[in-house]
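my questions are about this predicted structure, shown below with the sequence.
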2 protein chains.
Amino acid sequence: MAALMKSVTVRALKFSSAASFRSTRCSKTPTLCIRSFSTVMSPPSKAIVYEQHGSPDSVTRLVNLPPVEVKENDVCVKMIAAPINPSDINRIEGVYPVRPPVPAVGGYEGVGEVYAVGSKVNGLSPGDWVIPSPPSSGTWQTYVVKEESVWHKIDKACPMEYAATITVNPLTALRMLEDFVNLNSGDSVVQNGATSIVGQCVIQLARLRGISTINIIRDRAGSDEAREQLKALGADEVFSESQPNVKNVKSLLGNLPEPALGFNCVGGNAASLVLKYLREGGTMVTYGGMSKKPITVSTTSFIFKDLALRGFWLQSWLSMGKVKECREMIDYLLGLARDGKLKYETELVPFDEFPVALDKALGKLGRQPKQVITF
Amino acid sequence: MAALMKSVTVRALKFSSAASFRSTRCSKTPTLCIRSFSTVMSPPSKAIVYEQHGSPDSVTRLVNLPPVEVKENDVCVKMIAAPINPSDINRIEGVYPVRPPVPAVGGYEGVGEVYAVGSKVNGLSPGDWVIPSPPSSGTWQTYVVKEESVWHKIDKACPMEYAATITVNPLTALRMLEDFVNLNSGDSVVQNGATSIVGQCVIQLARLRGISTINIIRDRAGSDEAREQLKALGADEVFSESQPNVKNVKSLLGNLPEPALGFNCVGGNAASLVLKYLREGGTMVTYGGMSKKPITVSTTSFIFKDLALRGFWLQSWLSMGKVKECREMIDYLLGLARDGKLKYETELVPFDEFPVALDKALGKLGRQPKQVITF
């Protein structure tokens, strides 16, 4: 990203067709490369940039970025929409183990339309819808220039708010259902933070496989409504964190089997609840810590109940170089969203109102739908 | 065990050779079976019995048990030695998830000499040394009568204090090194409670495989001596729980690789230390909770460090019916003990002094060697 921040001396050129974007090759002589008139440049871009790590509402600002060259293997994408995910906030805060170098543009996923392509780009054409896949930093800007290999062409029939958000949360839910325990139709899973987008995706993706879900939600105003919303998505049971008689898990579960797999994105007592619901030999996967409290486990849970505790981090999974698998799963998830089989609530916010969307994403205005910036 | 407590009306008979122990078969008529004069009976036995669950020093007592019949597939074993393990204490306390029915004889492992065999026993003869393998309840008594299949004949060349104790602790160490992480020569493991017998076995069994050990011991009087004892067994590093600079694990480890596997038998802060030493993607196996404190883990340990937490319970492993594997490993471990390659401290205590041995095992008299009752 730092490169994008440097001043660029060549003026931006605007073209109306893909053909116009073919650049001539610079000579490879050791002298300064003088760009010819037909060098392809992106339009100037507006971006949400942070120049240091810290609270996003104090360190981010809107920056006008000058045009950048669209090299022979590059694709210039006009962004359509990009979400504000909790992980985006964590990256800006600098709490991730690998800090992106600053200055950087925020955002990690999104959807855009191909605006221009470099001379050697064959697989994409202007007008195509693409997402960065695996996702990559810098989606909170109007024009993004990255190599063709970054972009995955998607079906335009999928609503853009789903295309913009399909990777970080739905793919996490899918991988967590696949990677830890061999689940069969008739099995069940338990999760806390069930109202999160990942939680909602877990409910729907599990149901498509014949797997029941036991869902734990926080006790707060509107929890009855949340319970009904989750049931409408296919949740089998929805309990609040203060549900009584949790010691007698089997009676709470009724005819549902004890879950072999649990998901924790809260920590503290809500994580202990997931452990209580798990059957002997079950596995709890932690993928978030919304309460900022650690997970406390009794010795007997390990020895006598044979529980296993694991963690999941999508970025780590994506770093394994599984680009093909990633894109196949994205297409599967986009198909579900297109067909109305995968639903979650988003709120579209114009780019100009980014500060309001950020405040909502930061939880300053109470519980809000996933904020998706539109460009 | 309850059967052993019933009064038996047939007088004990004593024989001096195996041949004398062959019993005649009772007729299978539905009338009362009248035993013939040559029915084989065990000698009367003295046993440590508990009739209810509770603190072992208040609920156990020495009981004289009448002779029992040695049936055609049974073997009567004159016990030589049996240890008091923490798990024996837990069973008597009733804190195990499956409580043995009471009244019951204490003890779970030990070594004995075959005293008499039933008419259909072919694989064992009087004078053979045997251990119950997999271990089974009721070794704290002078004569034990169980089916031939319970007993595993062992090499008499192994010192009896090792034969008596080879299963519960050394086999736990061996399984934990084998079952969770694929370790290669040059790797390392970390453990707390390193002065325990399991801990000492981990050090020696790891060393035989070219695996280094990082050992954490409690801060208390004698910890310098304990450190030297562990180093003499082959420990690569021994740190106390209050070791400074634990934040900079790599500098503490020097040339040792970060461990991929850790063992926890303490809980609380000592478990957190094991987690700190583990490398990214490492696994901590909990097999005890000496501090009676739970294990607390940060969310980031799961998500960013990709740690996995598991549990190990030998009884559960043994219940998988792996009798052959179990006995092969026992023979391997007994061979190591015989050859002086597996050492740990035990204290032999005559059966008459059981209460003193129990007090020592309960920790009433400070740190003591493993108590092994001799009969």
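Looks like it came in fine.

residues from chain A in reach of chain B?
For chain A, the residues in contact with chain B (C-beta under 8 Å from any C-beta of the partner chain) are A:96-97, A:267, A:285-289, A:294-313, A:316. Bear in mind the C-beta positions are built from the backbone N, C-alpha and C, glycine included.

okay, and which of these map to helices?
Those of the residues of chain A next to chain B mapping onto helices are A:Thr299, A:Thr300, A:Ser301, A:Phe302, A:Ile303, A:Ser316, per DSSP state H.

who wins for neighbours among those?
Highest neighbour count within those, by other C-beta atoms under 10 Å in any protein chain shown: A:Phe302, with 27 neighbours.

would you confirm that it contacts B:Leu309?
Yes. Between A:Phe302 and B:Leu309 there is a contact under C-beta atoms under 8 Å: 6.8 Å.

which residues are common contacts for those two?
Common contacts of A:Phe302 and B:Leu309, defined by C-beta atoms under 8 Å, 6 or more residues apart in numbering or on different chains, comprise B:Thr286, B:Ile295.

circling back to that earlier point, buried members of the residues of chain A next to chain B into ChimeraX, please.
Buried residues among the residues of chain A next to chain B (16 or more other C-beta atoms under 10 Å in any protein chain shown), as a ChimeraX selection:
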select /A:96,267,285,286,287,288,289,294,295,296,297,298,299,300,301,302,303,304,305,306,307,308,309,310,311,312,313
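
domains in chain A, by residue range?
Domain assignment of chain A by automatic domain parsing yields the ranges A:2-165+A:344-374, A:170-314.

export those as TSV, with columns for mean pLDDT.
Output for the domains of chain A, formatted as TSV (pLDDT from 0 to 100):
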stretch	mean pLDDT
domain A:2-165+A:344-374	84
domain A:170-314	94
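
and the helices in chain A?
In chain A, the segments counted as helices under DSSP H are A:2-5, A:56-59, A:86-93, A:160-163, A:172-179, A:197-208, A:223-233, A:249-253, A:268-277, A:299-303, A:314-318, A:323-338, A:354-361.

closest one to A:Thr139 among those?
With C-beta to C-beta, the closest approach to A:Thr139 among these belongs to helix A:86-93: 8.8 Å.

starting at the chain centroid, how far to that closest one?
11 Å (C-alpha atoms, centre = their mean, to the nearest Å).

likewise for stretch A:298-313?
Distance, centroid of stretch A:298-313 to centroid of chain: 28 Å (C-alpha atoms, centre = their mean).

quote the end-to-end distance of it.
Start-to-end span of stretch A:298-313 (C-alpha to C-alpha, to the nearest Å) is 24 Å.

what segments of the stretch 1-150 of chain A are strands?
A:45-50, A:60-65, A:74-83, A:104-105, A:111-117, A:129-132, A:143-147 (DSSP state E, counting those that start in this stretch).

closest one to A:Arg327 among those?
Closest approach to A:Arg327 among these (C-beta to C-beta): strand A:129-132, 9.3 Å.

what strands line up against the closest one, and which way round?
Note on strand A:129-132: by DSSP bridges, its sheet partners are strand A:111-117 (antiparallel), strand A:151-154 (antiparallel).

take these and lay them out in TSV including mean neighbour count.
Output for these, formatted as TSV (neighbours: other C-beta atoms under 10 Å in any protein chain shown):
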stretch	mean neighbour count
strand A:111-117	24
strand A:151-154	21
